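> next input, structure requested:
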Amino acid sequence: MAQQRYGARAAETVAAWRQLMGESLVLSEQEKLTKVNTFFNRRILFEDDLVVWQQNDYWATPLEFMGRGAGDCEDFSIAKYITLQMLGIGNDRLRLIYVRAKSGSMTSIAHMVLGYYSEPTAEPQILDNLINSVRPASLRPDLTPVFSFNRDGLWVGGATASSADPTTRLSRWRDVLDRMRQDGL
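Alright, predicted model coming up:
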């Protein structure tokens, strides 16, 4: 499917992704986090949605992301989330986290990262396209969480209980989940 839609380079990336998944099934969760973070950060280029999709804000499926070979922070986070789920890490351990990221001395920008929670109340490990290493949130003072979500819930601030159905509140999330189902993910 990648070859037909996006060409040879995309097919190579998808084949490498499948190989990564096959090799990573037996790894520890921490090793899976590192491998998946490194795979996408090194293989896919960061690029704004206006350049890649000619839209202000488009959330790509992993296939679309690998097909284009470029994407923004949401695309990186979604691809890592889906890949880790396919590697057996439960949805209850993963959340896409919207943050304010400090850029320079005073400015902050909207940014998305993936958080891995070893336990529901544990400090998350952060997978980020800006940094190749997976780090605990406490070692990322440049990030201020705004809200987080996954397939099952939406959390605002530091809440431990979900406050809403993410597919109701986040139309882009609902749309990308629908397109992933069409892609067979």
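> low-scoring stretches of this structure, by residue?
1-3, 6, 105, 157-170 (pLDDT under 70).
> report all helices and strands that the one helix or strand Arg174 maps to contacts.
Assigned by DSSP states H and E, Arg174 belongs to helix 171-183. Contacts defined by 3 or more CB pairs under 8 Å, 6 or more residues apart in numbering; DSSP states H and E place helix 171-183 against helix 62-68, helix 73-86, helix 166-169. In this view, the C-beta of every residue, glycine as well, is placed from N, C-alpha and C.
> next helix or strand past the longest one?
On the C-terminal side of helix 73-86, the nearest following helix or strand under DSSP H and E is strand 94-103.
> what sits against the residue nearest the centre of the chain?
Centroid-nearest residue in the chain: Ser77, 1.3 Å away (criterion: CA atoms, centre = their mean). Counting by CB atoms under 8 Å, 6 or more residues apart in numbering, Ser77 makes contact with Leu96, Met112, Val113, Leu114, Leu127, Asn129.
> switch the cut-off to 6 Å
The contact partners of Ser77, by CB atoms under 6 Å, 6 or more residues apart in numbering, come to Leu96, Met112, Leu114.
> then Arg93?
Arg93 neighbours (CB under 6 Å, 6+ apart): Tyr116, Tyr117.
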